[in-house]
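Peer 1: generate a structure from the sequence data that follows.
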Amino acid sequence: MGSSESGGNWRAANTGASPSFVANAEEVRDLLHDDPSPEAEVMRREATQLIEFFSSWPTVKPDHEKRVHAITQLMDLTTRAMAFVRAKQKPPAR
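Peer 2: Numbering: from 1, shown residues only. Model (predicted):
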């Protein structure tokens, strides 16, 4: 990586990463698709909001703090969704 990739150029170059964030948020939304519970609905709504936000990156470049917040939110949502699904799949205690 050269010095031309620092500062503002770094941010512009990295906006192309948004498709992977969109795909991850879509996976979370799809994972919870068939669950009618209020918890799943809240997480699906959060995933949908993140999909919309990440999808806008190629045209609307958010500032660094908003990017970091959204990425952190996606990581947290993914962790919560996976734990939620795992908890529902636990075998009954013997």
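
Peer 1: quick one: the longest helix along the chain to chain centroid distance?
Peer 2: When the chain is parsed with DSSP state H, its longest helix is helix 64-89. A distance of 7 Å separates the centroid of the chain from that of helix 64-89, by Cα atoms, centre = their mean, to the nearest Å.

Peer 1: average pLDDT across it?
Peer 2: Mean pLDDT, computed over helix 64-89, is 96.

Peer 1: stretch 36-44 too?
Peer 2: 97.

Peer 1: can you pull the buried residues of it?
Peer 2: Within stretch 36-44, the residues scored as buried using 16 or more other Cβ atoms under 10 Å are 40, 43-44. The way it works is simple: take the backbone N, C-alpha and C, and place the C-beta from them, glycine included.

Peer 1: filter the residues you listed down to the ones in helices?
Peer 2: Those of the buried residues of stretch 36-44 lying in helices (DSSP H): 40, 43-44.
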